[in-house]
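Trainee: Let's see this in three dimensions:
(one chain, ligands or ions: 1)
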Amino acid sequence: MTLVELDAVSVRFGTGARAVHAMREVSFSVDQGQTVGLVGESGSGKSTAASVALGLRAPTTGAVRFDGQPLRRRRVAGEMQAVLQHPMWALNPRMSVAASIAEPLQVRTRDRAAVRARVGEMLEQVALAPELGARHPHELSGGQRQRVAIARALITSPRFIVFDEAVSALDVSVQAQILQLIQRLQAEHGFGALFISHDMAVVRYLADRVVVMRGGEVVEDAGAADVVAGFTHPYSRALLEER
Ligand SMILES: Nc1ncnc2c1ncn2[C@@H]1O[C@H](COP(=O)(O)OP(=O)(O)OP(=O)(O)O)[C@@H](O)[C@H]1O
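Mentor: Below you'll find the model as predicted:
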């Protein structure tokens, strides 16, 4: 079943001669429980596509659907979450880890005991010791901070999560741990994911399908099995061979 669908989405910033076409007629979809990788060089339009898919930015033309219905941000709050490159941006430095994880749930329930119990569950799910809940973000490693950001994203049981360069700032060995964590959580929770990265190796590890963007356009949309053999566009082949 299709979860999120971008249908001929174009996004233009500015007007006239100085207009930037961040997305041109971009169409792709993410099914329930599926991971779609979105790859492309800097400026190709990946983050713009992410904000459109999350309903944070309206397309200039084209349509975005969630569950077959036109996407309305307010209606899907809690059902969509994002994990970004630098968890420091998502985590309030003055809030404890437990408070940061709890926050998205607190807007939905006043039951403090239930929230506390759920935070405990989330810490366990992302393999962080319960006592880390009392710490602040600056007292954690980069990998631990990203685990906190993932716990925070998962606490409302979203059906769709965007990971935007979520492992790019981490050391390679920590990257591998976080990728394994995401894979395990997805198998357990069944959320659909849009996994954005400039790194083809990382995307190939996780994605069921890979979409390649260049200059605001989709130049490739292939099943993971076809990623190596079937990439036809010279640009996507070049991305593959970079490593
Ligand atoms: N708010 C904005 N105003 C004007 N131009 C913008 C804005 N946001 C993005 N752009 C432009 O749109 C294009 C696509 O940007 P986008 O951030 O989506 O690319 P990206 O592939 O995510 O790049 P990166 O990997 O560097 O984050 C770029 O040319 C960028 O300069």
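Trainee: what's the burial count for V11?
Mentor: Burial of V11 is recorded as 22 neighbouring residues (other C-beta atoms under 10 Å). C-beta here means a position set from N, CA and C on the backbone, and glycine is covered the same way.
Trainee: switch to numbering from 526
Mentor: That works, and once the first residue is 526, the last one we named lands at V536.
Trainee: can you pull the contacts of it?
Mentor: Residues in contact with V536, defined by C-beta atoms under 8 Å, 6 or more residues apart in numbering, are H546, A547, M548, G570, T573, V577, R582, P584, T585, G741.
Trainee: Now, those residues that are in strands?
Mentor: Among the contacts of V536, the members falling in strands are H546, A547, M548 (criterion: DSSP state E).
Trainee: Quick one: which of the contacts of V536 is the most crowded by neighbours?
Mentor: M548 (27 neighbours).
Trainee: Run through the helices of the chain in chain order.
Mentor: Here the chain has its helices, by DSSP state H, at 571-578, 598-601, 612-615, 622-631, 637-650, 667-679, 697-714, 725-731, 751-755, 759-766.
Trainee: rewinding a little: so which of the contacts of V536 are also by the ligand?
Mentor: Contacts with the ligand are made by A547, G570, T573 out of the contacts of V536, judged by C-beta under 6 Å from any ligand atom.
Trainee: now these in JSON lines, with pLDDT?
Mentor: What follows is the ones next to the ligand among the contacts of V536, written out as JSON lines (pLDDT from 0 to 100):
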{"residue": "A547", "pLDDT": "96"}
{"residue": "G570", "pLDDT": "95"}
{"residue": "T573", "pLDDT": "95"}
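Trainee: would JSON lines of the residues you listed with distance to R729 be doable?
Mentor: Shown next, in JSON lines, are those (distance: C-beta to C-beta, whole Å):
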{"residue": "A547", "distance to R729": "25"}
{"residue": "G570", "distance to R729": "20"}
{"residue": "T573", "distance to R729": "23"}
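Trainee: between the helices of the chain, which gets the lowest average pLDDT?
Mentor: Among these, helix 751-755 has the lowest mean pLDDT, at a mean of 62.
Trainee: Flag every residue of the chain that's near the ligand.
Mentor: So the chain meets the ligand at F538, V545, A547, G565, S567, G568, S569, G570, K571, S572, T573, H723 (C-beta under 6 Å from any ligand atom).
Trainee: Give the ChimeraX command for selecting the buried subset of the residues you listed.
Mentor: Selection of the buried residues among those in ChimeraX, burial being defined by 16 or more other C-beta atoms under 10 Å:
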select :547,565,569,570,571,572,573,723
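Trainee: which one of the residues of the chain next to the ligand is nearest A763?
Mentor: G565 (11.4 Å; C-beta to C-beta).
Trainee: pLDDT wise, what is the closest one at?
Mentor: For G565, the model assigns a pLDDT of 91.
Trainee: Can you list phi and psi of it for me?
Mentor: Dihedral pair for G565: phi 170, psi 160, per degrees, to the nearest 10.
Trainee: Count residues in the vicinity of I703, would you?
Mentor: Neighbours of I703 using other C-beta under 10 Å come to 22.
Trainee: How about the one 4 residues further on?
Mentor: Around I707 sit 24 other residues, with neighbours defined as other C-beta under 10 Å.
Trainee: Next, the contact list for it, please.
Mentor: Neighbour list for I707: I675, F688, A691, A718, F720, L731 [criterion: C-beta under 8 Å, 6+ apart].
Trainee: And stretch 603-615, end to end?
Mentor: Length of stretch 603-615, first residue to last, C-alpha to C-alpha, to the nearest Å: 15 Å.
Trainee: So which bits of it are buried?
Mentor: M605, Q606, A607, V608, L609, Q610, P612, A615.
Trainee: and the nearest residue to the fifth one once chain neighbours are set aside, what pLDDT?
Mentor: Nearest non-adjacent residue to L609, counting by C-beta to C-beta, 6 or more residues apart in numbering: D689, 5.2 Å away. We have a pLDDT of 92 for D689.
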